[in-house]
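Peer 1: Any chance you could fold what I've pasted below:
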Amino acid sequence: MTASSGSKRRWPRLAELPLPTGRSGAVTMLCKRALQASWGNSAPGPEPRPLPSQRGGCFFPKAAWSGDRGGSYLAGDAEGRALGGRGRTLRTGDCEAMRPPKLPGPALAPLLLLLLRPPPGSAGGPAPFDPTWESLDARQLPAWFDKAKFGVFIHWGVFSVPSFGSEWFWWYWQKEKIPAYVDFMKNNYPPDFTYEDFGPLFTAKFFDANQWADILQASGAKYVVLTSKHHEGNPVRDTVVTNDRWGAGSICKHGGYYTCSDRYNPGHLLPHKWENCMTIDKFSWGYRRNAGISDYLTIEELVKQLVQTVSCGGNLLMNIGPTRDGTISAIFEERLRQMGIWLKVNGEAIYETYAWRSQNDTVTPDVWYTSKPKDKLVYALFLKWPISGQLLLGQPKATLGATEVRGNFVFYCSFKLLTRTP
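Peer 2: Numbers count the residues shown, from 1 in each chain. Modelled structure (predicted):
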């Protein structure tokens, strides 16, 4: 397949793609330890953030279900159980934002191609669901996904080569013609340079699957999601319509996508599972060479995102952007490992928990609750250390002296806990 009209350049065949040398089975190891295949679509959008509600609930950003419709994401848990078509993942983002046209060629990361699985029903058997809202809404999540609570999102593609501005580099350069992107190309590349010319420069020559797996495992994440067809890429089938977010009465009610207004606040917990997709880099999902230290969320901000999201019944999918060479930059690795350190101490209040009757405390700010009903446990996660050594909680109805206090940021502690009596 030619890269563009009048050009003899083409995307390399799978057999020609560069793979790690001296480490047979490295790709398989990464797949076994973190990845499985799932299908769906997404759209670009602002960074989603659940915010505390004055009514004791949560502000929910726009959100979107990722179902089995077309090869957009790879996902699975650490034990290799796939999310698959029967599962659904709630993604936040601007669902009404632009969707760039397909690029002329499979601009896929080489190793992502090796991780694809055929979608449900493609082997000749009947599809498990009917093409109706009622049937699709009846799909059940796999139990592991609700228990996982925390995953890592990876944006890695040809946009990692220019690594400038945003993972929507092609769109902003070629379609929007934003001056910063146009000037970047003018100052750094020949006049006839095309987006397809970035392809051969996407080498992944330093990619080490073992190193990636070790970093991801150290983060405490229970699953990993990779983009395969989103900002670039090509579906492996003919497609007439991929955007099905239309129909009277479907907005904010059904997946595919929930095209609600931003910071949507229903005033109560959503009845279905949702996922907060956010990125450590405040301005891009892909790697940026021109990012400054203040462009990255701190570990305190990331922990706050995790705590707020889980207390409101969601999963947090925290994004990183590897380099074109296949390395995870030091600042992304640091944030991942810091999150893992926090979860080693406080993970009991995150993993396998459920939203409680109150999501945040009405007396003390920055206190969020999770629960384990079977164990009759309620966890209060406080994001600011009480200077006085006392923490007043307005929501629990507990017997004085019957509350166990464990953990804070990275170490165990104990102090006097005050609760309001019924």
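Peer 1: so K273 touches L141, yeah?
Peer 2: Yes. In this structure, K273 is within contact of L141 by C-beta atoms under 8 Å, at 5.3 Å. Every C-beta, even on glycine, is put in place using the N, C-alpha and C of the backbone.
Peer 1: was I right about Q174 contacting Y195?
Peer 2: Yes. Counting by C-beta under 8 Å, Y195 is a contact partner of Q174 at 6.9 Å.
Peer 1: Between those two, tell me which one has more neighbours.
Peer 2: Y195 (23 against 16; other C-beta atoms under 10 Å).
Peer 1: Could you list the low-confidence segments of the stretch 251-400 of the chain?
Peer 2: For the stretch 251-400 of the chain, the stretches flagged by pLDDT under 70 are 251-267, 398-400.
Peer 1: switch the cut-off to 90
Peer 2: 251-276, 358, 361-365, 376, 384-400 (pLDDT under 90).
Peer 1: just checking, what packs against the host helix or strand of Q305?
Peer 2: Secondary-structure assignment from DSSP states H and E places Q305 in helix 299-311. Where contact means 3 or more C-beta pairs under 8 Å, 6 or more residues apart in numbering; DSSP states H and E, helix 299-311 is packed against strand 274-279, strand 314-320, helix 330-346, strand 367-372.
Peer 1: Isn't G157 up against H231?
Peer 2: Yes. In terms of C-beta under 8 Å, G157 counts as a neighbour of H231; the distance is 6.5 Å.
Peer 1: shared neighbours of the two, anything?
Peer 2: Counting by C-beta atoms under 8 Å, 6 or more residues apart in numbering, the shared contacts of G157 and H231 are 167, 286.
Peer 1: More neighbours: those two, which one.
Peer 2: A side-by-side neighbour count of G157 and H231, using other C-beta under 10 Å, places G157 first with 27 against 23.
Peer 1: how close does the more buried one get to W168?
Peer 2: For G157, the distance to W168 (C-beta to C-beta, to the nearest Å) stands at 11 Å.
Peer 1: what sits in contact with each of these two?
Peer 2: Contacts common to G157 and W168, judged by C-beta under 8 Å, 6+ apart, are H231.
Peer 1: Please settle this for me: is S166 part of a helix?
Peer 2: No. S166 is assigned coil when assessed by DSSP: H, G, I helix; E, B strand; the rest coil, not a helix.
Peer 1: Look up how far L316 lies from it.
Peer 2: Using C-beta to C-beta, S166 is found at 22 Å from L316.
Peer 1: Compare those two and say which is more crowded by neighbours.
Peer 2: The neighbour comparison of S166 against L316 (other C-beta under 10 Å) goes to L316, with 26 against 21.
Peer 1: got a list of what that one touches?
Peer 2: When contacts are counted by C-beta under 8 Å, 6+ apart, L316 touches 149-151, 275-276, 278, 305-306, 309-310.
Peer 1: just A291 next, same as before
Peer 2: 281, 283-284.
Peer 1: Out of the residues you listed, the closest to Y379 would be?
Peer 2: When the contacts of A291 are ranked by distance to Y379 (C-beta to C-beta), D281 comes first, at 29.8 Å.
Peer 1: Dump the helix holding Q305 to CSV, restricted to CA.
Peer 2: Taking Å, rounded to 0.1, in the frame of the first residue of the first chain, the C-alpha atoms of helix 299-311 are listed here in CSV:
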residue,chain,number,x,y,z
ILE,A,299,1.5,12.2,42.6
GLU,A,300,-0.8,14.0,45.1
GLU,A,301,-3.0,15.1,42.2
LEU,A,302,-3.1,11.6,40.8
VAL,A,303,-3.9,10.0,44.1
LYS,A,304,-6.8,12.5,44.5
GLN,A,305,-8.1,11.4,41.0
LEU,A,306,-7.9,7.8,42.0
VAL,A,307,-9.6,8.3,45.4
GLN,A,308,-12.4,10.5,44.0
THR,A,309,-13.1,8.2,41.1
VAL,A,310,-13.2,4.9,43.1
SER,A,311,-15.4,6.5,45.8
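Peer 1: who touches that helix?
Peer 2: Here helix 299-311 makes contact (C-beta under 8 Å, 6+ apart) with 49-52, 58, 149-150, 276, 278, 280, 297, 315-316, 318, 335, 338-339, 342, 350, 353, 355-356, 359-360, 366, 368-370, 381, 383, 409.
Peer 1: What residues sit buried inside that helix?
Peer 2: Across helix 299-311, burial judged by 16 or more other C-beta atoms under 10 Å covers 299, 301-311.
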